[in-house]
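Asker: with the sequence up front, the predicted model follows.
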Amino acid sequence: MIAFGLIPVWWLAGAFYLIWPLFGAVLLALLIVRGRVPLPPATGIWLLFLTLVLLSATQLPAVVSLLPFGLRFGYYVTALVVGVYVYVYARERGDVPAALVPLCMFWFGLVLLGWLGVLAPRFELTTPMEILLPGGVAHHPYIQDLVHVSAAEWSRVSLTPIYRPTAPFPYTNNYGGAYAMTLPCVVAYTMLRRRGFLRWALLVSLPLSLAPAFLTLNRVMFASLGVGLAVLGLRAALRGNVRVGASVVGVITIVGLTTLLIPVADLINSRVESTDTNTDRFSLYAEVIRRMWDSPWLGYGAPVTVDTVTAEVPVGTQGQFWTVLFSHGVPALLCFLAWFVVVVLKTARARSAPGQWLAVIPVICLVQIPFYGMADPTMTIAYVGVAAALALTESEVGTKGGGSGRPVHSPKVVTG
């Protein structure tokens, strides 16, 4: 709860990204002390992925690259640890809504800081963490992006800049990705808890969240949510689930009404016409494919900056697919994708309305992977949502994922 609930505080301190793996370490210690931890399905695939990532460190070009590599590896490990903790909690206590509360608290922080990006887009801050870090570390380009906070991204050379909310993340694409992953969790919670202050606060926050989300102008955020809603609607139609279908129609209606107030399509077209974002992406992707053949098994350990592409960002960024392929190699990429495919199939069996909403999280992630990076706290958000979906699905279909021998309880639903 502390990790997710105090996101605005961690962000203002410049510590959001740097301390995230520490929260994972604390939960790992608790799980070790507990013993006999049932693991979610496909954990073996993720452990193999982690092993390959660790081996790829042998390909790093310099010692200075160890710090960003360690952070990225820490995010992958933390995602697993937090996901296992949520899975165990939801599975053994039968209280999936309680397991989703931390993500709901994160949602409030996301909406609050998103509005900061809307109302004060030029806000930026030299954080305490930025001041405390040694100069050589704080001025590393990757670390600088993490510890120097700003509320929005915008072009400093444009006479009519478009402000795109980013906080609590360094990049607006991370905001859009996290929003798309968290939204199904919030909807699922409001379905599982039929009363209570938190439920009503979330219902109020849903329409309030649309303005900062829309103003990110994240095309992939819209696409991933669109695919997720399409899959959700199709499953509801095939199963005759009126409640799910009604919720999908409700979300689409609210989104449609919002587009009447915010001309998203026009803003996106204006931005695309005034930037080289597509050209830069394609040049980066082409460079990854060209260089991949020189180190296909373990990659290069991390993204690298080169002068052979038009983009100003390193090769091996602008999409988790390309980050894993370039940094850790083809086998690691296959494991990474396999985990998502397996959990999509596992959670597709969910029967309840909240279970089906949670089940679209890995679908949303698969749409985002070629375009958005996830080697950061957003990977934990995805893993938590998937862990809750797995626990809820198991309670509905009567299967067990970890083989602990303990019973799988039905989820608690509080009604008014």
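Answerer: In hand now; what should we look at? Residues are numbered from 1 along each chain as shown.

Asker: what are the ranges of the helices in the stretch 101-250 of the chain?
Answerer: 128-132, 135-138, 141-147, 172-192, 197-208, 210-215, 219-239, 242-261 (DSSP state H, counting those that start in this stretch).

Asker: for the third one, which outside residues touch it?
Answerer: What it means is helix 141-147. For helix 141-147, the surrounding residues in contact (Cβ atoms under 8 Å, 6 or more residues apart in numbering) are 14-18, 67-68, 127, 129-130, 133, 137-138, 170-171. From N, CA and C alone the C-beta is placed, and that goes for glycine too.

Asker: by neighbours, which of the residues you listed wins?
Answerer: Comparing the contacts of helix 141-147 on neighbour count, residue 16 comes out first with 27 neighbours (neighbours: other Cβ atoms under 10 Å).

Asker: what's the closest of the helices of the stretch 101-250 of the chain to residue 295?
Answerer: For those, distance to residue 295 was read as Cβ to Cβ. The smallest value, 20.6 Å, belongs to helix 141-147.

Asker: buried set for the closest one?
Answerer: By neighbour count, with 16 or more other Cβ atoms under 10 Å as the criterion, the buried positions of helix 141-147 are 142, 143, 146, 147.

Asker: now render these as JSON lines, adding pLDDT and distance to residue 156.
Answerer: Putting these into JSON lines (pLDDT from 0 to 100; distance: Cβ to Cβ, whole Å) gives the following:
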{"residue": "142", "pLDDT": "86", "distance to residue 156": "20"}
{"residue": "143", "pLDDT": "91", "distance to residue 156": "21"}
{"residue": "146", "pLDDT": "94", "distance to residue 156": "20"}
{"residue": "147", "pLDDT": "95", "distance to residue 156": "20"}
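
Asker: roughly how far apart are residue 21 and residue 207?
Answerer: In this view, residue 21 and residue 207 are 34 Å apart by Cβ to Cβ, to the nearest Å.

Asker: ugh, typo on my part, it should be residue 291
Answerer: Distance, residue 291 to residue 207, using Cβ to Cβ: 45 Å.

Asker: those two: which is more packed in?
Answerer: Neighbour tally, residue 291 and residue 207, criterion other Cβ under 10 Å: the higher count belongs to residue 291, 19 against 12.

Asker: does that one touch residue 326 like I think?
Answerer: Yes. In this structure, residue 291 is within contact of residue 326 by Cβ atoms under 8 Å, at 7.0 Å.

Asker: what do the two both touch?
Answerer: With Cβ under 8 Å, 6+ apart as the test, residue 291 and residue 326 both reach 300, 315.

Asker: which stretches of the stretch 301-416 of the chain have low pLDDT?
Answerer: 307-312, 399-416 (pLDDT under 70).

Asker: which SSE is immediately downstream of the worst-scoring helix or strand of the chain on mean pLDDT?
Answerer: Least confident element among the helices and strands of the chain, by mean pLDDT, DSSP states H and E: helix 264-274 (a mean of 71). Under the assignment DSSP states H and E, the closest C-terminal helix or strand after helix 264-274 is helix 277-292.

Asker: and the angle from that next one to helix 219-239?
Answerer: With axes from the mean of the first three to the mean of the last three Cα atoms, to 10 degrees as the basis, helix 277-292 and helix 219-239 are set at 80 degrees to each other.

Asker: buried stuff in helix 277-292?
Answerer: Going by 16+ other Cβ under 10 Å, helix 277-292 has these buried residues: 280, 281, 283, 284, 285, 287, 288, 291, 292.

Asker: all set, thanks.
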